[in-house]
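Undergrad: A predicted structure for the sequence below; I have some questions about it.
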Amino acid sequence: MIDTRARHALGASTLVVALASLLLACSGSPDTTSGGGTSPSHDVRTTASAPADEEPAAGEPAAADATEPAPGVEKVRDVFARLQATYNDGCTTPGNCEYFLGRVLDELNGLDAAMKADPQGPAHFKEPLTRIAELRAELGGDRSFENLKKHQQLLTGTRDRINAWMQGHPEDYR
């Protein structure tokens, strides 16, 4: 026979686990609002930079490092890391599918900007930039969920091909 205290402890721990699971399941991503819409932070990407009139601190180079992208543009490796993170997500539910497809497109657009601003120049990234341009042409500027869902295979295929290209160029993301 199980002791009453042991039964209460087991029941309490089961309740805590169930409540924690429910809380995690009900919490939205940082890019959604409680109403299910996209939050303003979804499209905001910021990078910190020193004001142009500010002198560099002692021991810091006055000019930007040759491996740094233009001010205000993210590094290829940072955007590529977020694009790779989309592999942990998918169209498991209708609401998540809309978020997922929009996220993949946003990360591909961010990667496009980062590659174009990279010190190596767009010629180095010719293949991925061509794939993103082909995707954009096919989407025709329509970011609606219906259009993204219709082109889901092209969207994820573009991500996969760019991922394969980047794996062959580890110096670009390390």
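TA: Yep, it's here. Numbers count the residues shown, from 1 in each chain.
Undergrad: burial measure for T158, as a count.
TA: The number of residues packed around T158, counting by other Cβ atoms under 10 Å, is 21. Bear in mind the C-beta positions are built from the backbone N, C-alpha and C, glycine included.
Undergrad: pretty sure it is touching R131, no?
TA: Yes. Contact criterion Cβ atoms under 8 Å: T158 and R131 qualify, at 5.1 Å.
Undergrad: how close does M166 get to D142?
TA: As for M166, its distance to D142 is 27 Å (criterion: Cβ to Cβ, to the nearest Å).
Undergrad: which of these two has more neighbours?
TA: Neighbour totals were compared for M166 and D142, and M166 leads with 19 against 11 (other Cβ under 10 Å).
Undergrad: where's T130, which helix or strand?
TA: Using DSSP states H and E, T130 sits in helix 126-139.
Undergrad: Would you mark the buried spots in that helix?
TA: 128-129, 131-132, 135, 139 (16 or more other Cβ atoms under 10 Å).
Undergrad: before we move on, what about stretch 152-163?
TA: When neighbours are counted by 16+ other Cβ under 10 Å, the buried residues of stretch 152-163 are found to be 152, 155-156, 158-159, 162.
Undergrad: Low-confidence stretches in this structure?
TA: Per-residue confidence of the chain (counting by pLDDT under 70) places the weak regions at 1-72.
Undergrad: let's see it at 90
TA: Applying pLDDT under 90 to the predicted model, the residue ranges of the chain that meet it are 1-74, 92-95, 169-174.
Undergrad: in it, which spans are helices?
TA: 4-26, 76-85, 94-117, 126-139, 145-150, 152-167 (DSSP state H).
Undergrad: of these, which approaches Y173 most closely?
TA: Evaluated with Cβ to Cβ, the helices of the chain place helix 76-85 nearest to Y173, the distance being 4.1 Å.
Undergrad: helices and strands around the closest one, which ones?
TA: helix 94-117, helix 152-167 (3 or more Cβ pairs under 8 Å, 6 or more residues apart in numbering; DSSP states H and E).
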